[in-house]
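1. Sequence unavailable; structure follows:
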């Protein structure tokens with residue numbers, strides 16, 4: 001089954017062709033990162049307009065790369081939530097028009113379910129049940145994946161997403177947007193252990209997280225050093241910040257593994273590309289005898305392949321959209337109503 005998949009929830013326009021949820025025939029992505037770097041972050045209106053400009057040509061490219069015709073498309077999948085609403089609506093509107101024109105089923109896909117599904121093409125043997133840690137610029141979740149479309153959130157951030165904190169910390173350290181990769185590279189230049197940063201714990205919710213205090217601590221530390229004319233070890237601060245984020249994520253993942261008894265762990269989302277976090281998860285899983293599934297870096301960020309992969313299983317579960325499908329800025333992945 002060939003699924004033509006669209007992802008436009010933030011600043012990447014992505015179109016992919018995925019066969020049977022596992023084989024990626026094409027994965028075309030146009031990033032706007034360089035443009036938004038001028039503003040230090042994503043400008044929603046610009047993102048939406050650039051999606052409009054790119055999505056049709058990118059679709060043609062994906063079909064050409066896949067070596068199939070429009071007639072060989074069996075279904076159309078699209079991210080419909082969550083995301084920047086203007087950006088999401090571009091993908092939803094275009095996908096609806098394609099499905100209507102080709103007389104093919106329309107499959108709505110939750111963005112975070114897509115991130116988790118990025119592991120399926122990378123690991124053909126992977127199947128639920130498993131625990132998933134999904135960490136990106138917009139979401140930070142620990143998810144009990146009981147089946148391909150049966151998921152429950154066990155823990156989540158109460159405020160800022162981990163990826164957002166990386167971008168904010170990178171900005172105050174004078175690094176370019178997006179901040180994840182520059183922060184990772186800077187952190188590797190130091191052994192850390194110089195700065196003591198806060199770890200937040202949510203009373204009564206041991207699997208929940210809070211990163212706003214950590215972000216504020218880094219901002220205040222840098223500003224205080226600048227105001228007093230004191231030297232700042234940028235590499236050490238990047239390392240200690242990354243270590244603090246990693247500790248918050250890994251410690252709660254360890255607890256979730258104990259509570260659920262899962263023997264498989266999937267890491268997903270843009271922050272899953274961070275080298276310190278990947279190493280910490282590898283260490284955790286080696287100690288606990290848990291099989292770790294880390295998708296390749298190209299599928300950690302937003303892409304169409306992950307939407308096509310999850311779209312296949314949503315289709316098998318009977319989840320369909322019609323021409324009334326709307327985009328949504330927010331929606332819990334375990335409370336989806338198609």
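-> Alright, I've got the coordinates. All values derive from a computational prediction rather than experimental measurement.

2. which element follows the helix or strand that contains residue 220 toward the C-terminus?
-> Secondary structure assignment for residue 220, by DSSP states H and E: helix 212-228. Next along the chain after helix 212-228, taking DSSP H and E as the criterion, comes helix 234-260.

3. Going by contacts, tell me the helices and strands next to that next one.
-> strand 130-135, strand 140-147, strand 150-156, helix 162-172, helix 180-187, helix 212-228, helix 275-288 (3 or more C-beta pairs under 8 Å, 6 or more residues apart in numbering; DSSP states H and E). All C-beta atoms are positioned from the backbone trio N, CA, C, and that covers glycine.

4. who are the neighbours in contact with residue 68?
-> Neighbouring residues of residue 68 by C-beta atoms under 8 Å, 6 or more residues apart in numbering: 2, 17, 25.

5. The protein - how does it break down into domains?
-> 2-118+299-316, 125-294 (automatic domain parsing).

6. doesn't residue 122 make contact with residue 295?
-> Yes: Residue 295 is in contact with residue 122 according to C-beta atoms under 8 Å; the separation is 4.6 Å.

7. Which one's more surrounded, these two?
-> residue 295 (26 against 19; other C-beta atoms under 10 Å).

8. Can you give me the distance of the more buried one to residue 287?
-> 22 Å (C-beta to C-beta, to the nearest Å).

9. shaky segments in the stretch 201-338 of the chain?
-> Counting by pLDDT under 70, the stretch 201-338 of the chain has low-confidence residues at 337-338.

10. The residue nearest to residue 8 when sequence neighbours are not counted in helix, strand or coil?
-> Closest residue in space to residue 8, ignoring its immediate chain neighbours: residue 91 at 3.4 Å, by C-beta to C-beta, 6 or more residues apart in numbering. What DSSP: H, G, I helix; E, B strand; the rest coil gives for residue 91 is helix.

11. what about residue 91, neighbour count?
-> 26.

12. May I have the residues that are in contact with it?
-> Counted by C-beta under 8 Å, 6+ apart, residue 91 has contacts 6, 7, 8, 9, 51, 55, 78, 79, 327.

13. Relative to residue 24, how far out is the last one?
-> With distances taken as C-beta to C-beta, residue 327 is found 24 Å from residue 24.

14. about what we covered before: most neighbours among the contacts of residue 68, which one?
-> Result: residue 17 is most packed of these (other C-beta under 10 Å), 27 neighbours.

15. Name every strand pairing with the host helix or strand of that one and say which way it goes.
-> Using DSSP H and E, residue 17 sits within strand 12-19. Sheet pairing of strand 12-19 (DSSP bridges) gives strand 2-7 (antiparallel), strand 23-31 (antiparallel).

16. my guess is residue 77 contacts residue 319, does it?
-> No: if you go by C-beta under 8 Å, residue 77 and residue 319 don't touch, sitting 10.1 Å apart.

17. Can you check which residues contact both of those two?
-> By C-beta under 8 Å, 6+ apart, the residues touching both residue 77 and residue 319 are 107, 108.

18. Please say which of these two ends up with more neighbours.
-> More crowded of residue 77 and residue 319, by other C-beta under 10 Å: residue 77, with 30 against 17.
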